[in-house]
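Engineer: Got a sequence here, can you build the structure:
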Amino acid sequence: MTDVHPPEVRSFNMSQIKSKGTKPEELVRKPLFSEGFRYRKIMLNCLANRILYCQSIKQ
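Structural biologist: Next up is the predicted model:
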């Protein structure tokens, strides 16, 4: 199976794929969720700025 995109287009497409669910994020989110914290991930313009917005604590 050959590539249907030229190298420039392929390079652009791959550069737009951002990593999600990285190991440091998982280390923070999983314990919070297991303790009952419910949150939303807020992505800001900068990749380094990810904020967890705690909505509620499950009783």
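Engineer: Check which helices and strands the longest helix out of those in the chain sits against.
Structural biologist: Looking across the chain with DSSP state H, the single longest helix is helix 23-34. Here helix 23-34 touches strand 37-43, strand 50-57, going by 3 or more C-beta pairs under 8 Å, 6 or more residues apart in numbering; DSSP states H and E. (Glycine included, C-beta is placed from N, CA and C.)
Engineer: how far off strand 37-43 does that helix point, in degrees?
Structural biologist: 150 degrees (axes from the mean of the first three to the mean of the last three C-alpha atoms, to 10 degrees).
Engineer: Pull the CA coordinates from helix 23-34 and hand them back as CSV.
Structural biologist: Written as CSV, here are the backbone C-alpha positions of helix 23-34 (Å, rounded to 0.1, in the frame of the first residue of the first chain):
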residue,chain,number,x,y,z
LYS,A,23,2.2,9.5,31.4
PRO,A,24,2.5,12.6,33.7
GLU,A,25,-1.1,13.5,33.0
GLU,A,26,-2.2,9.9,33.8
LEU,A,27,-0.2,10.0,37.1
VAL,A,28,-2.2,13.0,38.2
ARG,A,29,-5.6,12.2,36.9
LYS,A,30,-6.1,8.5,37.8
PRO,A,31,-5.5,9.0,41.6
LEU,A,32,-7.8,12.1,41.6
PHE,A,33,-10.6,10.2,39.8
SER,A,34,-10.3,7.2,42.2
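Engineer: Can you pull out the low-pLDDT segments for the chain?
Structural biologist: By pLDDT under 70, the low-scoring segments of the chain are 1, 20, 42-59.
Engineer: go again using 50 as the cut-off
Structural biologist: 46 (pLDDT under 50).
Engineer: outside of stretch 4-14, which residues touch it?
Structural biologist: Asp3 (C-beta atoms under 8 Å, 6 or more residues apart in numbering).
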